[in-house]
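Novice: would you be able to build a 3D model of this:
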Amino acid sequence: MNKLCSMREAISASVKHGSSLVIDGFTHLICFAAGHEIIRQGIKGLTAIRLTPDLVYDQLIEAGAVRKLVFSWAGNPGVGSLHALRRRSEASSSERLELEEYSHFGLLSRLLAASAGLPFWPLSNYQGGDIARVNPSIKTVRCPYTGRELATVPALHPDVAIIHCQRADAEGNAQVWGLLGSQKEVAFAARKVVVVAEEIVPTELIREDPNRTLVPGIIVSHVVHEPWGCHPSFVQGFHDRDNDFYVKWEDISRQPETYRAWLEEFVYGVKDRQGYLSRLETGLLDKLRAKARVCAGVDYGY
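Specialist: Okay, here's the model as predicted:
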């Protein structure tokens with residue numbers, strides 16, 4: 001089945017007011033293009049889920065799209081704070097977010113439980129801190145084999161998962177290499193999956209290298225071809241991380257006025273990702289484009 005569509009069509013069909021959403025990726029393969037399209041469509045009341053929410057989630061928060069954040073760490077990696085999140089987390093804020101915090105493994109375990117079809121996931125964790133005390137979703141169970149008391153977290157089924165990958169076919173079979181986040185767990189836990197790819201390739205090419213297929217097309221709802229959809233994040237083999245952007249973001253996002261001006265120019269002021277890319281500084285994409293480092297092929301014959 002050909003599931004190819006535009007980003008606008010994929011978001012409109014999948015993400016609704018009040019949806020729970022994961023835009024996955026771990027420094028690598030973070031689909032900013034999807035976040036920007038959600039903002040442009042004026043979608044509100046989202047429960048935004050992510051182990052490491054960074055700039056794209058902060059932009060969703062500043063645009064008023066997020067009601068609740070489920071997370072385990074948040075920040076501008078290597079630089080500092082997320083200022084929209086900070087402003088809406090302080091006691092004096094009139095637009096306070098609902099926050100639900102876990103350890104990294106605790107939140108991953110919620111996705112593992114959902115992806116495995118289990119109601120909860122046990123883990124030996126949370127004895128050394130206060131997260132379990134302030135998060136009522138973290139409970140305990142007595143191990144029937146050892147008698148130990150274990151922490152548990154409930155399965156988490158996001159309404160929508162957005163997964164960026166290096167290449168996919170039109171059916172949604174998505175291949176990833178390089179640094180992996182929780183894409184697989186998120187995809188199998190979610191009710192709908194949108195795959196966004198740097199390249200759309202024939203299914204025959206996917207089948208020639210099956211071990212790279214992280215997300216199978218059978219669980220995918222929509223496929224979007226969106227080169228450079230992850231800028232300023234990076235995509236292994238395609239382009240580098242725009243480190244200068246992350247550094248500059250500290251000053252851009254610190255004040256609501258400069259934050260709003262950036263959103264107006266780069267999100268509201270363009271109709272799609274191509275419009276966004278056209279407003280980046282001249283020569284930047286050439287500077288970030290990856291140099292070829294090709295791995296030799298593997299013979300899967302028999």
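Novice: my guess is Val267 is in a helix, correct?
Specialist: Yes - the assignment for Val267 by DSSP: H, G, I helix; E, B strand; the rest coil puts it in a helix.
Novice: quick one: residues contacting the nearest residue to it once chain neighbours are set aside.
Specialist: Excluding the flanking residues, the one nearest Val267 by C-beta to C-beta, 6 or more residues apart in numbering is His36, at 4.8 Å. Heads up, the C-betas are built off the backbone N, CA and C, glycines and all. Contact partners of His36, counting by C-beta atoms under 8 Å, 6 or more residues apart in numbering, are Gln59, Phe266, Val267, Arg273, Tyr276.
Novice: quick check, nearest of those residues to Arg254?
Specialist: Gln59 (14.0 Å; C-beta to C-beta).
Novice: test my guess that the closest one contacts Ala84.
Specialist: Yes - counting by C-beta atoms under 8 Å, Gln59 touches Ala84, with 7.3 Å between them.
Novice: and the strands in the stretch 101-250 of the chain, which stretches?
Specialist: For the stretch 101-250 of the chain, the strands defined by DSSP state E, counting those that start in this stretch cover 120-123, 139-142, 149-154, 160-168, 174-175, 192-200, 213-215, 222-225.
Novice: who's in contact with stretch 56-67?
Specialist: Against stretch 56-67 from outside (C-beta under 8 Å, 6+ apart): 18, 23, 30-32, 35-36, 38-39, 43-48, 50, 69, 74, 76, 82-85, 88, 95, 97-98, 253, 256, 259-260, 263, 267.
Novice: how does it look with 6 Å?
Specialist: Stretch 56-67 is touched from outside by 30, 32, 35, 38-39, 43-46, 48, 82, 84-85, 259, with contacts defined as C-beta atoms under 6 Å, 6 or more residues apart in numbering.
Novice: out of these, which sit inside strands?
Specialist: Secondary structure from DSSP state E places Leu46, Ala48 of those in strands.
Novice: could I get the contacts of stretch 56-67 as CSV with neighbour count?
Specialist: What follows is the contacts of stretch 56-67, written out as CSV (neighbours: other C-beta atoms under 10 Å):
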residue, neighbour count
Ile30, 30
Phe32, 25
Gly35, 25
Ile38, 30
Ile39, 20
Ile43, 22
Lys44, 14
Gly45, 13
Leu46, 25
Ala48, 25
Leu82, 24
Ala84, 23
Leu85, 24
Tyr259, 20
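Novice: in helices, which of the contacts of stretch 56-67 fall?
Specialist: Phe32, Gly35, Ile38, Ile39, Ala84, Leu85, Tyr259 (DSSP state H).
Novice: give me the nearest residue to the fourth one, chain neighbours excluded.
Specialist: This points to Ile39. Ala63 (4.3 Å).
Novice: per-residue pLDDT, that neighbour?
Specialist: Listed pLDDT for Ala63 reads 98.
Novice: likewise the one 5 residues further on?
Specialist: Note for Lys68: predicted pLDDT of 98.
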